[in-house]
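Asker: sharing a model that was predicted from the sequence below.
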There are 2 protein chains.
Amino acid sequence: MTEKGLLIVLSGPSGVGKGTVRQAIFSRGEREFIYSISATTRKAREGEVDGKDYFFKEREEFERMIADNELLEYTEYVGNYYGTPIDYVRRTLDTGKDIFLEIEVQGAMQVKERMPEGIFIFLTPPDMTELESRIVNRGTDESPIIKQRMEKAIEELSLMRYYDYAVENDTVENAVQKVLGIIQSEHLKVSRILDTICADERE
Amino acid sequence: MTEKGLLIVLSGPSGVGKGTVRQAIFSRGEREFIYSISATTRKAREGEVDGKDYFFKEREEFERMIADNELLEYTEYVGNYYGTPIDYVRRTLDTGKDIFLEIEVQGAMQVKERMPEGIFIFLTPPDMTELESRIVNRGTDESPIIKQRMEKAIEELSLMRYYDYAVENDTVENAVQKVLGIIQSEHLKVSRILDTICADERE
């Protein structure tokens, strides 16, 4: 009776501290996660191992993977491709292990399209809740800086609605505890437990 | 921007330890819950206060409440009625406070019908997972006692599917931590946060 692993996607606006929260979660070691290994066309740096740090690919091969829908999400950054091979993710989930992706919002939206069953967690800046209140009670006497921050918050809010959970990154410790709590609760969902039992029944 | 409170229903087979888990949650005091006050036709004992320990009702009044659909759930036990006034629950949720019900499975199913938006948590005996495996890999050489326990587990499983979460009561501490984690995660759901913001927008 192997429960399928969960695909956990941690995302949020750039600069919100996704990397720090992800590192803290992994270093806590409370749950066993597989960190998703990316494919890239960037050259391997000294000490980097193919299949451990990255799956190193030639540009031609990477573009074939894009064309053949073999990537859960991908992006181009300073001339190199980076992406998540869907096959690696699926095989990991089948072994019952949770896989953890920490990616930018554009990538997260691509993942959502391919694997909507994932758990999508949106990390928000610590003052977003306060900004939300301001948006709702919009005044006319706001300073240009407040207005700019509000516009950014509105933009972020409009992305947030595609996610399952929103976690405020007020402190790393709080955010880590909440993300771990979400993952634990998702594993306790009856729908998930029954899926597992019924899949066994069919075997 | 007041988020609506959550209706939390903790239930499970009799003898599983619901009361102990509920008491431990309340004595931890980590979250503020309102414990649902029951209405009853039983006479007040010395020191019991109407509206605090129970809402004490005459039998005629209680039966009128049943007829008028004013109870979220009710049951009759050794000649007295016990029930949960729906109005009290609704008013508490509107103030943004979570309300906590710890009730038998029959009562929980009544609540589910009236307020399906509640969070339904099924507390399972510690060996249920093991029994589940046995059910799936059903053997013919089982002892009558094992068979009896399996039948009970099947019955419990068939109830579990109406719940949102299943928490194994292996130790009280573990069960409490999981229930609190579920409630925290439910408050982090984007759908709930956006509901709050959008309700404010409409005001």
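Answerer: Great, that's in hand.

Asker: show me what the helix or strand harbouring A:Val9 is packed up against.
Answerer: In this assignment (DSSP states H and E), A:Val9 forms part of strand A:7-11. Helices and strands touching strand A:7-11, by 3 or more Cβ pairs under 8 Å, 6 or more residues apart in numbering or on different chains; DSSP states H and E, are helix A:18-28, strand A:98-102, helix A:105-114, strand A:119-124. C-betas here are computed from N, CA, C, even on glycine.

Asker: what about that strand, distance to the chain center?
Answerer: 3 Å (Cα atoms, centre = their mean, to the nearest Å).

Asker: and if you look at stretch A:171-180?
Answerer: That offset, for stretch A:171-180, works out to 15 Å (Cα atoms, centre = their mean).

Asker: that stretch close to chain B?
Answerer: Yes: applying Cβ under 8 Å from any Cβ of the partner chain, one finds stretch A:171-180 in contact with chain B at A:Lys178.

Asker: any weak-confidence spans in chain A?
Answerer: A:1-2, A:128-142, A:149, A:153, A:197-203 (pLDDT under 70).

Asker: please enumerate the helices of it.
Answerer: Assigned by DSSP state H, chain A shows helices spanning A:18-28, A:59-67, A:86-94, A:105-114, A:128-136, A:144-160, A:172-187, A:190-202.

Asker: redo the ones you listed as TSV? Include mean neighbour count and distance to B:Val49.
Answerer: TSV is the format used below for the helices of chain A (neighbours: other Cβ atoms under 10 Å in any protein chain shown; distance: least, Cβ to Cβ, whole Å):
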stretch	mean neighbour count	distance to B:Val49
helix A:18-28	16	46
helix A:59-67	14	69
helix A:86-94	16	54
helix A:105-114	18	52
helix A:128-136	17	38
helix A:144-160	14	45
helix A:172-187	19	36
helix A:190-202	14	38
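
Asker: just so I know, which of the ones you listed lies nearest B:Pro144?
Answerer: B:Pro144 lies closest to helix A:190-202 among these, at 23.8 Å (Cβ to Cβ).

Asker: put the alpha carbons of the strand holding A:Val9 into CSV.
Answerer: Coordinates of each C-alpha in strand A:7-11 appear next as CSV, following Å, rounded to 0.1, in the frame of the first residue of the first chain:
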residue,chain,number,x,y,z
LEU,A,7,4.3,17.3,-5.9
ILE,A,8,4.9,20.4,-3.8
VAL,A,9,5.5,23.7,-5.6
LEU,A,10,6.8,26.6,-3.6
SER,A,11,6.6,29.9,-5.5
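
Asker: ok, it: who's next to it in the sheet?
Answerer: Strand pairing for strand A:7-11, using DSSP bridges, gives strand A:98-102 (parallel), strand A:119-124 (parallel).

Asker: who's in contact with the shortest one?
Answerer: The contact list for strand A:98-102, computed with Cβ atoms under 8 Å, 6 or more residues apart in numbering or on different chains, reads A:5-11, A:18-19, A:21-22, A:25-26, A:31-36, A:84, A:89, A:92-93, A:107-108, A:111, A:183.

Asker: alpha carbons only: can I get that strand in PDB?
Answerer: Provided in PDB are the C-alpha atoms of strand A:98-102 (Å, rounded to 0.1, in the frame of the first residue of the first chain):
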ATOM      1  CA  ASP A  98       7.300  13.900  -2.100                       C
ATOM      2  CA  ILE A  99       9.000  16.000  -4.700                       C
ATOM      3  CA  PHE A 100       9.700  19.700  -3.900                       C
ATOM      4  CA  LEU A 101       9.900  22.400  -6.600                       C
ATOM      5  CA  GLU A 102      11.000  25.900  -5.700                       C
END
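
Asker: what's the angle between that strand and helix A:86-94?
Answerer: Using axes from the mean of the first three to the mean of the last three Cα atoms, to 10 degrees, the inter-axis angle of strand A:98-102 relative to helix A:86-94 is 140 degrees.
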